[in-house]
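Student: structure for this input, please:
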Amino acid sequence: MDSFKFDREITQLAVLQRNELLSSTSKKIRKFFGRYLFTKFISRYLINPSRASEQYYNLMSEEISTITNFLDKRTNILSIGSGIGGLECLILEKYNDTKVNFIEKNYVSRKVKYGWDASNFEAYNSLSVLNNFLLTNGINQERFEIFDCDKDSYPNKKYDLIISLYSLDYHYDFNIYKEYLKTVSTDNTVFIFDTIRPDYFNQLFEDIFVLKNDEQTVHKSKRLVCKIFKND
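Tutor: Residues are numbered from 1 along each chain as shown. The predicted model follows:
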């Protein structure tokens, strides 16, 4: 695989989730009309799926390169807030024995809000588009399962890797999932996620180190690798 397959619906959702896929002209048009109207309607005619696909593939290739050292023998992965699933698609394509469970919200907010607080309930995903993206790009249905955050029971199994890039503790408070994550992790489980408050996690985990500093996002963040929940 050296590129993703995008249809128009996948493209529209991808450009909502990833600003980097827009040209400078498209960004100006989006600013004028508002992000929701631009993404839902105007982008249908302005965004080239092939170009967006190539750019998204390059972005996801960069993301997987930052976590490659943690993927070998991580056969059960939980992904929270994956977007359309490009990173997970690359993982599943590269590691044949791996399976991924997704926990996702299934709606697109009209207003985009960065960072999080108690009133932030924004979401920017479609479970049907996520499912279609994975199948379209050659991932067998038996290798992944998608759970609606607001309707389904969360999967109940132990995971080798729990990953949430630019979602958990970037858009949503980590503590929403904390007790659940304790039940599905072991002392060998690796957590990888982006946060706007890295120092907070010193009180939650035994082992922590910073994998990546991101100074380019609206809210500066750090990508943490964590292991072993501390006892309360």
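Student: just how off-centre is stretch 194-208 within its chain?
Tutor: Averaging C-alpha positions (C-alpha atoms, centre = their mean, to the nearest Å) puts stretch 194-208 19 Å from its chain's average.
Student: could I get the average pLDDT for it?
Tutor: Stretch 194-208 carries an average pLDDT of 95.
Student: and Lys157, that one's in a helix?
Tutor: No - if the criterion is DSSP: H, G, I helix; E, B strand; the rest coil, then Lys157 is coil and not within a helix.
Student: quick one: buried residues of the longest helix seen in the chain?
Tutor: In the chain, taking DSSP state H as the definition, the longest helix is helix 49-67. Neighbour-count burial for helix 49-67 flags Pro49, Ala52, Ser53, Glu54, Gln55, Tyr56, Tyr57, Leu59, Met60, Glu63, Ile64, Ile67 (criterion: 16 or more other C-beta atoms under 10 Å). All C-beta atoms are positioned from the backbone trio N, CA, C, and that covers glycine.
Student: likewise for stretch 179-192?
Tutor: Leu181, Val184, Ser185, Thr189, Val190, Phe191, Ile192.
Student: so which pair among those is furthest apart in space?
Tutor: Val184 and Ile192 (15.0 Å; C-beta to C-beta).
Student: report the beta-bridge partners for Ile162.
Tutor: Under DSSP bridges, the beta-bridge partners of Ile162 are Leu78, Phe191.
Student: I figured it hits Asn76, correct?
Tutor: No - applying C-beta atoms under 8 Å as the test, Ile162 and Asn76 come out as separate, 9.6 Å apart.
Student: which one's more surrounded, those two?
Tutor: Ile162 (24 against 18; other C-beta atoms under 10 Å).
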